[in-house]
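Engineer: Can you look at this prediction? I've put the sequence above it.
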Amino acid sequence: MASDVMIEFTDANFQAEAMGSDMPVLVDFWAEWCQPCRMLAPTIEELAGDYAGRVKVGKMDVDSNKETAMQFSIQSIPTVILIKNGEVVNKFVGMQSKEAFSAALDETLA
């Protein structure tokens with residue numbers, strides 16, 4: 001799942017990779033069994049490529065990383081959060097368009 005531009009977030013690396021990042025971070029909370037999550041995956045991968053070098057983009061499997069999912073009150077998946085300077089600045093629950101994510105990312109980078 002992780003690629004050159006996608007990060008696989010885990011409970012172990014989340015603090016350093018996401019909360020401590022010097023650039024905005026887009027985290028997709030997902031699970032293998034979640035059909036809407038699978039439908040959203042290509043959009044998240046496209047965003048990772050589009051924003052490479054400007055935004056960290058990655059996924060976190062909620063089944064394997066329950067601690068972080070609970071910390072951010074993830075109750076429905078897919079949920080995507082946007083973090084800047086260690087703070088959640090946007091939260092998307094359910095399916096969203098690439099345009100919605102791009103608009104939020106562009107605003108965060110402005």
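Structural biologist: Received, thanks.
Engineer: Can you tell me how far the residue positioned nearest the centre of the chain is from Cys37?
Structural biologist: Among the residues of the chain, the one closest to the centroid is Val27, at 1.3 Å (Cα atoms, centre = their mean). Using Cβ to Cβ, to the nearest Å, Val27 is found at 13 Å from Cys37. Where C-beta positions appear, they are placed from N, C-alpha and C, glycine not excepted.
Engineer: ok, now which ones touch Gln96?
Structural biologist: 40, 43, 80 (Cβ atoms under 8 Å, 6 or more residues apart in numbering).
Engineer: So the last one belongs to a helix, correct?
Structural biologist: I take that to be Val80. No - secondary structure assignment (DSSP: H, G, I helix; E, B strand; the rest coil) places Val80 in strand, not in a helix.
Engineer: secondary structure class for the residue lying closest to it once chain neighbours are set aside?
Structural biologist: Distance criterion Cβ to Cβ, 6 or more residues apart in numbering; nearest residue to Val80, sequence neighbours excluded, is Phe92 at 4.4 Å. Here Phe92 is recorded as strand under three-state DSSP.
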